[in-house]
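>>> predicted model and sequence below, questions to follow.
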Amino acid sequence: MTKTILLVEDDAINRKLVRIVLGDKKRYRILEATSAGEALEQLGRIKPDLLLLDIRLDHGSGLDVISAVRNDRCFDDVPVVAITAEAMKGDEKRFLAAGFDGYLSKPVDTRRLQEVVERFINAGRKAAYV
């Protein structure tokens, strides 16, 4: 069964990288949003199996999106992974405390991306963050 991933990323090169890395599996349908507003619009129409969410976005931030997602019971079982250039000491802990289930720093390690996506797609929010 094809799983749906909503990728929220404003940088076209980063979106292309994720599409290339995950698109070859043919078991993922990757939907894209380029802003917080567009992400919230799409989340009003679809419930993805996984949300890959950049932090710095046009028209809001990934933190705005995670807040909305975690305040909507419909998305209680949807894992959300932060993909961000914010990689200072303490950032990862801050994002996990904000409601993210996983964290990937940029530039994205493509093997790590595949591992994290597989883990959350297979186990949902129950997947232990490592």
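That came in fine, so what should we check first? No experiment lies behind these values; they were computed from the predicted model shown. Residues are numbered from 1 along each chain as shown.
>>> state the pLDDT value of residue 29.
According to the prediction, residue 29 has pLDDT 92.
>>> beta-bridge partners for the residue nearest to residue 31 when sequence neighbours are not counted, please?
In space, residue 31 comes closest to residue 6 once its chain neighbours are excluded; the distance is 5.0 Å by C-beta to C-beta, 6 or more residues apart in numbering. In short, each C-beta sits where N, CA and C put it, glycine included. According to DSSP bridges, the partner residues bridging residue 6 are residue 31, residue 51.
>>> just for this protein, where's the confidence low?
Low-confidence segments of the chain, defined by pLDDT under 70, are located at 24-25, 86-88, 127-130.
>>> tell me the centre residue of it?
Against the mean C-alpha coordinate of the chain, by C-alpha atoms, centre = their mean, the closest residue is residue 52 at 1.2 Å.
>>> look up how far residue 89 lies from it.
23 Å (C-beta to C-beta, to the nearest Å).
>>> burial check on residue 77, number of neighbours?
Residue 77 has 11 neighbours, counted by other C-beta atoms under 10 Å.
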